[in-house]
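Engineer: here you go, sequence then predicted model.
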Amino acid sequence: EVQLVESGGGLVQAGGSLRLSCAASGLTGDDYAIGWFRRAPGKEREGVSCIRSTDGYTFYADSMKGRFTISSDNARNTLYLQMNSLKPGDTAVYYCAAFFGTSYSNCLDYKYRYWGQGTQVTVSS
């Protein structure tokens, strides 16, 4: 059974940084993708960043490029999202998600089946 548990959210001022963590279990095999998504109040969920385990490629939404960095520690089965230069528009609940399968397209477009409970990030102006 796949379990994803996010942590690291909180309240930060604009321009500040946060690092989110996602403790993952049940990610067996080599063909999966794991990523971060977010849902802001009144908005649809959007992709933030993801990693394909098949080849280690990472993808970012355009608005996060240069500010956010995704990484993984396979020994600790943990996914991270380092968020710098945060803006009030980054306020959202951030979710970790996992997808099983082989694909070489942008992993932000995959249909993720497994989701964590989310962690709140609030950026004040």
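Structural biologist: Arrived safely. Numbering: from 1, shown residues only.
Engineer: and the residue nearest the centre of the protein?
Structural biologist: By C-alpha atoms, centre = their mean, the mean C-alpha position of the chain lies nearest to Trp36, the distance being 1.7 Å.
Engineer: unless I'm mixing things up, that residue is touching Arg19, no?
Structural biologist: No. Counting by C-beta atoms under 8 Å, Trp36 stays clear of Arg19, with 11.6 Å between them. In this view, the C-beta of every residue, glycine as well, is placed from N, C-alpha and C.
Engineer: anything in contact with each of these two?
Structural biologist: Leu81 (C-beta atoms under 8 Å, 6 or more residues apart in numbering).
Engineer: spatially nearest residue to Asn84, not counting backbone neighbours?
Structural biologist: With sequence-adjacent residues excluded and distances taken as C-beta to C-beta, 6 or more residues apart in numbering, Asn84 is closest to Ser17, at 4.7 Å.
Engineer: now Tyr80
Structural biologist: Closest residue to Tyr80 apart from its sequence neighbours, by C-beta to C-beta, 6+ apart: Ser71 at 4.9 Å.
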